[in-house]
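>>> sequence-free structure coming up:
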C-alpha cells in the first residue's frame with residue numbers, strides 16, 4: 001500500500017512538470033527563473049559605465065533540457081527487482097484525477113514506466129531541487145510610504161526593490177498594503193522621510209539599548225546610509241570640494257542611477273573640475289544612453305556645454321534621439337549651443353567650428369537682429385583674419401547697439417584694412433571703457449600717425465590724440481608724432497616728441513634714431529654726441545651717423561619709411577559686455593603739444609566704473625507682457641532687454657520672475673539685474689534689498705555696494721543733507737578710488753557747509769585733471785569768498 005501511494009505521488013509530480021512545458025512562463029516562474037529578457041537596471045560604476053549583474057543570474061530557460069531530465073526520471077529502469085514495482089505500475093492509471101483540470105497531462109505523460117525507488121524514497125539532490133527559496137524582501141519602507149499615500153516615493157521604492165530582486169512582484173494595489181504594526185518603527189520611517197538622519201540614528205541606538213533583541217530593518221539602515229552619503233556629496237559639491245564628491249560617489253555606487261540625476265550631474269562636474277575630463281564626459285554619456293526623461297537629457301547637454309570643450313560636446317550631441325515629426329530632441333537648445341561654440345571659437349583661433357553652427361548663427365543674426373549674435377560672428381571672423389566679413393558683422397552690431405565691444409572689433413578690422421583714421425574716430429568714445437579698449441584706441445592712433453604719405457588731420461583730432469597719448473604715456477604714438485612733425489619741418493617739436501617717447505621707453509631705438517638725426521639737423525652737436533655715446537654698441541646707425549644737414553623734408557619721410565614703425569600690441573581676447581557709467585566731462589580744451597608740454601606730461605587718467613554682467617541674450621521686448629508667464633530663463637533675458645531700452649520698472653518685474661528659477665546662476669543674475677534696475681530708477685534702498693535675494697560673488701557685491709553708496713550720496717545731496725553725503729562718499733572711497741564727478745560733489749558739500757578751504761582744495765585737484773565742472777566750481781568758491789574781486 002505504501003509503495004502504491006508513493007507511485008501515485010510521483011506520477012502527480014511528473015504530470016505537473018510535463019504539463020508545465022506547454023506554459024513556458026508558468027514553468028519559469030515555478031523554477032524561480034523569472035521572465036527571460038527582463039531589463040536589468042544599470043548602475044554607473046566609478047571608472048567605467050556598465051550594467052550591473054542582476055542578483056541571482058537570469059539565464060535563458062532551456063525547456064528541452066528540463067523535458068529530457070523528466071523523461072530520464074520517468075523512463076529509467078529500476079536498479080534491482082522489486083516486488084512493489086508491479087503494484088506501483090498497477091496504481092499508475094489512478095494518477096490523473098489530481099490533475100483533472102489539465103486534461104492534456106495524461107497524453108503528455110503517456111509512458112507508464114514505473115518510478116524507481118531511489119526517486120521515490122530519497123530526497124532530491126540540490127541539483128534536482130525545483131527552485132532555491134526566494135530571498136526575503138524587506139517591504140517595511142513600501143508599507144510605510146503606502147500608509148502615507150506618498151505615491152512618488154512608493155513608486156521609487158517599488159523600482160528599487162525590482163532592481164534588487166528581479167523576481168519580486170509588487171502588490172497589485174500598493175496603497176492597500178497594511179501599515180506597520182510597530183509604532184516605533186513607524187516613527188523611525190517618519191524621521192527618515194523628514195530627512196532628520198541624526199535623530200534617526202539616535203532613535204535606532206536608543207531602541208537597541210532598551211531592547212537588545214531588536215534589530216532595525218536592513219532596508220532602513222541601507223537607505224539611511226545612502227541618504228547620508230547623498231547629503232555629504234551635495235554639501236561637498238556646493239562647497240566646491242570636488243575630490244570629496246568623487247570619493248563619496250565611489251563609496252556609494254547606488255546613488256549613480258537615472259533616478260539620482262542631480263547626483264550624476266554633480267559627479268560629472270567634479271570629474272571635470274579635478275582634471276579628469278574624460279571621466280566627466282563618460283558620466284554625461286551614461287545619462288544620454290540610459291536616462292529617458294527628455295527634460296533631464298536636455299538639461300544634461302546644457303550643463304555639459306558649460307564645462308566641456310567643443311569636440312567632446314560633439315560626441316555627446318551624437319547621442320541625440322529623434323523627436324516627433326522629424327525633429328530632434330535638442331533642437332530647442334541648438335541656437336544657444338551655436339552661440340556657445342562660436343564664443344569658444346573666438347577664444348581659440350585654431351578651433352574650426354562646423355559650418356552648420358556658423359550658418360545657424362548668421363541666420364539668427366539676420367532674423368532676430370541681436371547685437372550679441374553679430375558680435376560673436378565678428379570676433380570669429382576677425383580671429384581668422386577674415387577682415388572684410390568681420391567688419392561687416394561689427395558694423396551690424398554697432399547699428400543695433402553701439403558698445404565698446406562692437407567698436408573695438410570694428411576698429412581692429414579697420415586697422416587691418418589700413419583705415420586707422422576711422423578706427424580712431426570709432427574708438428575715441430570708448431577709449432577708457434577697459435584696458436583692451438584703451439590699447440585698441442592707442443593702436444589706432446599709432447597707425448594713424450604712421451600713415452604714408454602723412455594724413456591731413458584736423459586740428460581737433462591732433463589735439464585729442466596728443467592729450468590721450470600724454471595721459472597714457474604711450475611711447476609708440478609719441479614716436480610717430482615725432483616723425484609726423486618732421487614731415488611738416490617742425491624739427492623742434494619733433495625732437496621734443498622723440499625725447500618724450502624715450503622718457504617713457506628708454507630702450508626705444510627708433511625714437512633714439514629719430515632724435516639723433518633731428519638734433520643733427522638742428523646743429524646740436526653736443527646732443528648728437530651724447531646720444532651716440534649712450535647707444536654705443538646697441539645701434540650701429542646711431543653711432544655711425546653721418547652729416548644729415550642736407551636732408552630735405554621728403555628725404556626725411558623716405559628715411560622714416562625705411563624704419564619698421566613700432567606697432568602696438570592688439571588685444572587677443574574679445575571683451576565681455578559691460579555697462580559703463582557715463583564719463584564726466586573731464587577733457588579741457590586740447591592744446592598743440594609744445595616741447596615743454598610733451599615732456600611735462602601726464603595728468604592722471606580717469607577710470608570709469610564698469611559693472612560686469614553674466615552672459616545674457618537680448619530679445620525683443622518692445623511689447624508689454626506679463627513676465628510671470630515666462631520661464632525664469634526667458635524672464636531673465638527680458639529683464640536685460642528692458643534695461644537696454646531704459647525701462648527699469650518693467651525690468652524689475654522680469655527679474656523678480658527670474659528669481660523663481662531653481663538654477664543658482666539664474667537667481668544670482670536676476671538679483672544682480674534687479675539691483676541695477678532699482679539703482680537706475682533711483683531706489684537705492686530697494687537695490688540693497690534686491691542684492692540680498694541671491695548670493696553674489698565678491699566682485700559683483702563690491703560693485704553693487706559702490707554703486708548704491710554713490711546713489712545714496714547723490715540723493716542725500718539733492719535733499720540738502722550735506723554731512724550725510726560726505727559720509728556716503730567716505731564709505732565709497734574706502735572701496736574704490738573716487739571719480740572726478742564725485743570729487744566735485746564732495747567739494748560742493750564743503751562749499752555748502754562753508755568749509756571754503758576744503759572746497760577750494762578739492763576743486764583745484766579736480767580742475768587739474770581738466771574737469772570743466774571743477775573749473776566752474778572754483779569760480780563759485782571765488783564768488784562766495786571774494787565777491788568784490790569778482791565784481
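Yep, it's here. Everything numeric here is computed off the predicted structure, so don't read it as measured data. Numbering: from 1, shown residues only.
>>> what ranges do the helices span in the stretch 151-300 of the chain?
151-164, 183-193, 197-210, 218-238, 242-251, 261-273, 277-290, 294-305 (DSSP state H, counting those that start in this stretch).
>>> which one of these has the lowest average pLDDT?
The minimum mean pLDDT among the helices of the stretch 151-300 of the chain belongs to helix 151-164 (a mean of 75).
>>> packing partners for that one?
Judged by 3 or more CB pairs under 8 Å, 6 or more residues apart in numbering; DSSP states H and E, the packing partners of helix 151-164 are helix 140-148. (Glycine included, C-beta is placed from N, CA and C.)
>>> mean confidence for the helix it packs on?
What helix 140-148 shows for mean pLDDT is 71.
>>> what comes up buried for it?
The neighbour-count check on helix 140-148 (16 or more other CB atoms under 10 Å) flags 140-148 as buried.
>>> now the helices of the stretch 151-300 of the chain as CSV including mean neighbour count?
Listed next are those as CSV, based on neighbours: other CB atoms under 10 Å:
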stretch, mean neighbour count
helix 151-164, 17
helix 183-193, 17
helix 197-210, 14
helix 218-238, 16
helix 242-251, 19
helix 261-273, 22
helix 277-290, 19
helix 294-305, 18
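>>> including distance to residue 672, could those helices go into TSV?
Listed next are those as TSV, based on distance: least, CB to CB, whole Å:
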stretch	distance to residue 672
helix 151-164	35
helix 183-193	37
helix 197-210	35
helix 218-238	20
helix 242-251	25
helix 261-273	23
helix 277-290	28
helix 294-305	21
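>>> of all the ones you listed, which lies closest to residue 729?
Comparison of the helices of the stretch 151-300 of the chain against residue 729 by CB to CB identifies helix 218-238 as nearest, at 37.9 Å.
>>> tell me which helix or strand comes right after the helix or strand where residue 462 lies.
In this structure, residue 462 sits in helix 459-472 according to DSSP states H and E. Using DSSP H and E, the helix or strand that follows helix 459-472 in sequence is helix 475-487.
>>> how far out from the middle of the chain is that following helix?
Once both centres are worked out by CA atoms, centre = their mean, to the nearest Å, helix 475-487 turns out to sit 46 Å from its chain's centre.
>>> show me what it is packed up against.
If you count contacts as 3+ CB pairs under 8 Å, 6+ apart, helix 475-487 packs onto helix 435-449, helix 459-472, helix 491-504, helix 509-521, helix 553-561.
>>> so which elements touch the one helix or strand residue 528 maps to?
Using DSSP H and E, residue 528 sits in helix 525-534. Here helix 525-534 touches helix 509-521, helix 540-543, going by 3+ CB pairs under 8 Å, 6+ apart.
>>> list the buried residues for the last one?
Buried residues in helix 540-543, counted by 16+ other CB under 10 Å: residue 542.
>>> hang on, the earlier thing: so which of the helices of the stretch 151-300 of the chain comes closest to residue 722?
Using CB to CB, the nearest of the helices of the stretch 151-300 of the chain to residue 722 is helix 218-238, at 45.9 Å.
>>> quick revisit: which of the buried residues of helix 140-148 lies closest to residue 239?
Nearest to residue 239 among those, counting by CB to CB, is residue 141 at 30.5 Å.
>>> ok, residue 510 touching residue 479?
Yes - counting by CB atoms under 8 Å, residue 479 is a contact partner of residue 510 at 5.9 Å.
>>> ok so, going back, average pLDDT for the helix holding residue 462?
Average pLDDT, helix 459-472: 91.
>>> next one: stretch 681-695
Stretch 681-695 comes out with an average pLDDT of 77.
>>> now stretch 493-506
Stretch 493-506 comes out at a mean pLDDT of 94.
>>> and for stretch 443-453?
For stretch 443-453, mean pLDDT rounds to 90.
>>> roughly how far out does it sit from the chain middle?
41 Å.
>>> what comes up buried for that stretch?
443-451.
>>> what's the closest of the residues you listed to residue 374?
Distances from residue 374 to the buried residues of stretch 443-453, taken by CB to CB, are shortest for residue 444, at 21.1 Å.
>>> and the gap between residue 367 and residue 361?
As judged by CB to CB, to the nearest Å, residue 367 and residue 361 stand 11 Å apart.
>>> more crowded one of these two?
Counted by other CB atoms under 10 Å, residue 367 and residue 361 do not tie: residue 361 has more neighbours, with 22 against 9.
>>> what's the closest non-adjacent residue to the more buried one?
Closest residue in space to residue 361, ignoring its immediate chain neighbours: residue 338 at 5.0 Å, by CB to CB, 6 or more residues apart in numbering.
>>> tell me who's in contact with the one you found.
357, 360-361, 364 (CB atoms under 8 Å, 6 or more residues apart in numbering).
>>> top of those residues by neighbour count?
residue 361 (22 neighbours).
>>> which residues does the helix or strand where it lies contact?
Here residue 361, judged by DSSP H and E, is contained in helix 355-367. Residues outside helix 355-367 that contact it (CB under 8 Å, 6+ apart) are 334-335, 337-339, 341-342, 370, 373-374, 376-377, 380, 393, 396.
>>> make it 7 Å
The contact list for helix 355-367 (CB atoms under 7 Å, 6 or more residues apart in numbering) reads 335, 338-339, 341-342, 373-374, 376-377, 396.
>>> show me what the helix or strand that that helix is followed by is packed up against.
Downstream of helix 355-367, the first helix or strand assigned by DSSP H and E is helix 371-383. With contacts taken as 3 or more CB pairs under 7 Å, 6 or more residues apart in numbering; DSSP states H and E, helix 371-383 sits against helix 334-347, helix 355-367, helix 387-400, helix 404-416.
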